[in-house]
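Novice: I'll drop the sequence and a predicted model, then ask my questions.
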2 protein chains.
Amino acid sequence: MASYKAPLRDIHFILAEVFKVDPLWASMPSTADASMELADAIFEEGARICEAELLPLNRQGDEEGCTYLNGKVTTPSGFKAAYQTYAESGWVGLGGDPEYGGQGLPKMLTVMFEEMVYAANTSFALYPALTAGACLSLLAHGSEELKKTYLPAMYEGRWAGSMCLTEPHCGTDLGILSTKAVPNGAGHYDITGTKIFITGGEHDLTENIIHLVLAKLPDAPKGPRGISLFLVPKMLVTEDGQCGAPNQVRCGSIEHKMGIKGSATCLMNFDGAAGYLVGEANRGLAAMFTMMNYERLSIGLQGIGLGEVSYQSARAYALDRRQSRAPSGAVSPEHAADPIMVHPDVRRMLLTQRAYNEGGRAFAAYVGMWLDLAKGQPDPVAAQKAAALVALLTPVAKAYFTDRGLDTTILGQQVLGGHGYIREWGMEQFVRDARIAQIYEGTNGIQALDLMGRKVVGDQGKAFKLFHQEVSVDIAAAEPSDPRAQALNVALTQLSQATDFVIQQSSLDANAIGAASCDYLNLFGLTAYAHMWLKMAQVAKQGEGDFYRAKLATADFFFQRLLPESGAYLAKVLAGSDTLMALDADLM
Amino acid sequence: MASYKAPLRDIHFILAEVFKVDPLWASMPSTADASMELADAIFEEGARICEAELLPLNRQGDEEGCTYLNGKVTTPSGFKAAYQTYAESGWVGLGGDPEYGGQGLPKMLTVMFEEMVYAANTSFALYPALTAGACLSLLAHGSEELKKTYLPAMYEGRWAGSMCLTEPHCGTDLGILSTKAVPNGAGHYDITGTKIFITGGEHDLTENIIHLVLAKLPDAPKGPRGISLFLVPKMLVTEDGQCGAPNQVRCGSIEHKMGIKGSATCLMNFDGAAGYLVGEANRGLAAMFTMMNYERLSIGLQGIGLGEVSYQSARAYALDRRQSRAPSGAVSPEHAADPIMVHPDVRRMLLTQRAYNEGGRAFAAYVGMWLDLAKGQPDPVAAQKAAALVALLTPVAKAYFTDRGLDTTILGQQVLGGHGYIREWGMEQFVRDARIAQIYEGTNGIQALDLMGRKVVGDQGKAFKLFHQEVSVDIAAAEPSDPRAQALNVALTQLSQATDFVIQQSSLDANAIGAASCDYLNLFGLTAYAHMWLKMAQVAKQGEGDFYRAKLATADFFFQRLLPESGAYLAKVLAGSDTLMALDADLM
């Protein structure tokens, strides 16, 4: 009973009106072929496949889940056919390099489409998302031969990809992994070890699966600098590029999870499997992070997509369900009760969902813009600045999108009352499916440490200054009396104060970064959303009609009813590490 | 893999040391038979049954769920035998009236035990909780004949109870219900209608189930004042008190839900079933609210119990799981990595859990104390004051316990990273089981409206003044320089400001109450927890040893890292209803 229409009007508003992509894309060779007209056409076709092909499989996919038998995984009914349609329509290679058969479209465009796919069917979305991420890593670090052999079939969607990092004893701490790679004399390696939690490690959607596997060479240095990346195909590829004999890789079982039940989460056994080195020996972690950073933004979009489908479904229910009367008197006296949309608290829930979804969507486009600029901007200084902003903002996007995504799906479920808890209504599935996004591709705690430790303290706030500058420009461009700009300025000042405090503390207290990280990331994300809401409001107040009125009302809701949380986050950051570290471990 | 030991030390601390129950109980005839010594013995025995009998059934109960066949419901394996043990040990009638076979123990005592049952097995806990609530309503409103016929078997646990309110078209808005009651000339009524979402409406645990059913008499006034309450047994009871012929009540199906899968959620068809009027005609809603208020506090305890088992399990994992090094240098260099308990952000999650659990437990005792005083205090003025505080604090307890309960189970799940998402670890079940507590027995939005509208604005802040006074006394008793007392004073002032604001606004703006309600309740709950934390800290600082040190450290964490949220809630309340009501329904 989920209601979902891809938010095409909002996407157009963000790309064309807020970020003015036509002149932006025209300014760089790498995006010069794209235009808003093309983007709108792509989104319309994308919306069709998401609404008509993927959404209808979502509920049943959750009930059925994936099944495992003798090393083989079967995806839920309909997934295979839908995947074929999806791949044949060219969606897997949307952002891929044209040299190897990708469509080379800007990241600002692909993030908007990805959100739709997650909204319609998160479990399904993960298969092409992993493939696209594996392609990115291969493209950046693989040899020409590897790229020619694997990328075209992956962009086509004939072959899928997976990312094999975690082992039973190591998730976050990859430095201690034990999968081994031994040179076998034939120019490649024998890979042996067990990997767990491998999304799409095995399935029936494609004829081949290309695993990117972290492993250690003999005599590799200990710790994270002794890890290499290998490409391990499920089926060995013959010289003419066809699938040949099976490799020594086998799925040992699949996990039974809280959600994303249509996505196969696999335990993978590598038993002397043939693997090909990707990039340099012992530099595997960096190569894998090319993929990981892609996935982080992608997983962020999972949070927004699920937030959006939850919002639309809750909104439809609130317009339909009649219960009690409006506080100001009956609005439909001809019925026994009014639609629950009349109640301020129901509106609070829906507007919170909306403010997070639309703020997040704009921020996804914003991060996408810096990614496009980092890649395509001819001026190296400008490109470097863009890259620094991407590095800074990626953990914020991943964690803040998904934390607010969970909040949002919970609110949508709450709007339905008891029906929200019943499986057939679908609202509780959005909560379960959203929950994993806070955990995988680096837990949100790890994102916060990356932000606070590496990205902010690590360069003594240099990248943060770039962000501060960008926000300040937009504040300065608003009327000084604009209450939204003023509110954003307060939050930005609080964020700066938090930044300075932690940078200073970190030289005195080893626990300062970890003590502040989570609340700092929340303060950062909230400020970043406020920045987006100011940008959107500045455009919307020039417009006329319902869309702009609703946008401005949602902006006001955000500034008055969500942004005030910034002060609490600052207070928590300023509390330092004392209360956290006071107790011995056994007293905790 | 859940770790759970009933928190006996903390319970003893709260009851004996913070609330000094021995002199309190001795001061009232209704509780004079109780003592802390007796309570400790009961808790020890209660802990045993929860840890040894109920906890081991919890995971499997979730996987198996209840099954429905031809009107009969089978509970998960082991539930029936455990229920028999539970009933035979006298746990169902723990708080029941001794005149009818109950044990008459103080509410302060029973709430502590209830928390343990929810912690060990929430699905199981709901069966006796519904029974105890039904008994309470029957005791308060039923005729002597009904009480004599039904209460003893219900207290014994031979018969269970259920609460039948919701219908497909009405949940919150009971005024529009359509189940009918027609006098049948034999002194009772024929009940006809369909009820949904009936917890324990049908199951295999007991030989009879006593339904309390809301229905309308012919020619009853429209709306909530035309509703009567009926007792409808599943099996008709013969004159000698035995189960006779089946009544015309049938379970039509059970719901497939997000969680509490071992608890049967039933659709019940009443087809001219024999029903007995409980209390006066057309006064059924008030009679049902006796039960409902009981259930509200009980469901609150579900939030705390699940928070506690999640905390204990996450804590065990954090002491065991090794990943990365402590920021200040390796603490166990003999291993490849340190236990994750060394990380400040892991501690932040665990301390948040703990601060909510222990604050909530104390507040449950506090509400229990006012319940005991309202019932047993001989001085009518003091009893009235206690009753006013119970009415004020019950919605806070229900909603704040369960909202923080969900937060807490989510944090516990997060501590386990990827393993938290896997079903066999059990952490995700706590989240799913906790989620319903925010929805049933009146959604938390309804609790907030009850608090803000009826309990605060409804008496123009009179009951609130009583609460304010109670908190102020404890602030005044602390050293003026005590930072905890100062912080509590800030929050109390903010809460007062919010209270005054909404009372004033409500005369001008029909939407003022609904616009403020949810944030107001959160501000209230946070302040109430701060009050408990001050009370606990005042006692703990007199003590020596690990327990008191940990208590004080958790108090400091609460005051420095959680209480600062109060300012954000106040800001949201003060934002009023404008941003919520700005848009027409179709633009929302």
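Specialist: Yep, that arrived.
Novice: off-centre distance for the helix or strand of chain A with the lowest mean pLDDT?
Specialist: In chain A, no helix or strand scores lower on mean pLDDT, DSSP states H and E than helix A:284-320, which sits at a mean of 93. Computed by C-alpha atoms, centre = their mean, to the nearest Å, the separation of helix A:284-320 from the middle of its chain amounts to 5 Å.
Novice: tell me how far the next helix or strand after that helix lies from the chain's centre.
Specialist: As assigned by DSSP states H and E, the chain's next helix or strand after helix A:284-320 is helix A:344-376. The chain centroid and the centroid of helix A:344-376 are separated by 12 Å, computed with C-alpha atoms, centre = their mean.
Novice: was I right about A:Pro378 contacting A:Met28?
Specialist: Yes: shown here, A:Pro378 and A:Met28 form a contact pair, counting by C-beta atoms under 8 Å, at 7.1 Å. For every residue, glycine as well, the C-beta is placed using N, CA and C.
Novice: more neighbours: the two, which one.
Specialist: A count of neighbours by other C-beta atoms under 10 Å in any protein chain shown puts A:Met28 above the other of A:Pro378 and A:Met28, at 17 against 10.
Novice: hmm, back to that, got the buried residues for the least confident helix or strand of chain A?
Specialist: A:284-315, A:317-318 (16 or more other C-beta atoms under 10 Å in any protein chain shown).
Novice: and if you look at stretch A:13-24?
Specialist: With burial defined by 16+ other C-beta under 10 Å, the residues of stretch A:13-24 counted as buried are A:Phe13, A:Ile14, A:Leu15, A:Ala16, A:Glu17, A:Val18, A:Phe19, A:Val21, A:Leu24.
Novice: can you list these in CSV and add pLDDT, distance to A:Arg347 and secondary structure?
Specialist: CSV is the format used below for those (pLDDT from 0 to 100; distance: C-beta to C-beta, whole Å; DSSP: H, G, I helix; E, B strand; the rest coil):
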residue, pLDDT, distance to A:Arg347, secondary structure
A:Phe13, 98, 22, helix
A:Ile14, 98, 23, helix
A:Leu15, 98, 28, helix
A:Ala16, 98, 29, helix
A:Glu17, 98, 26, helix
A:Val18, 98, 25, helix
A:Phe19, 98, 29, coil
A:Val21, 98, 32, helix
A:Leu24, 98, 36, helix
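Novice: quick check, nearest of the residues you listed to chain B?
Specialist: Taking C-beta to the nearest C-beta as the measure, chain B lies nearest A:Phe13 of those, at 14.8 Å.
Novice: so A:Met251 sits right up against A:Met268, yeah?
Specialist: One thing to correct before we go on: residue A:251 is Cys, not Met. Yes: at 5.9 Å, A:Cys251 counts as touching A:Met268 under the criterion of C-beta under 8 Å.
Novice: can you classify the residue nearest to A:Ala575 when sequence neighbours are not counted by secondary structure?
Specialist: Nearest-residue entry for A:Ala575: B:Gln560, 4.2 Å, with adjacent residues in sequence omitted and distances by C-beta to C-beta, 6 or more residues apart in numbering or on different chains. For B:Gln560, the assignment made with DSSP: H, G, I helix; E, B strand; the rest coil gives helix.
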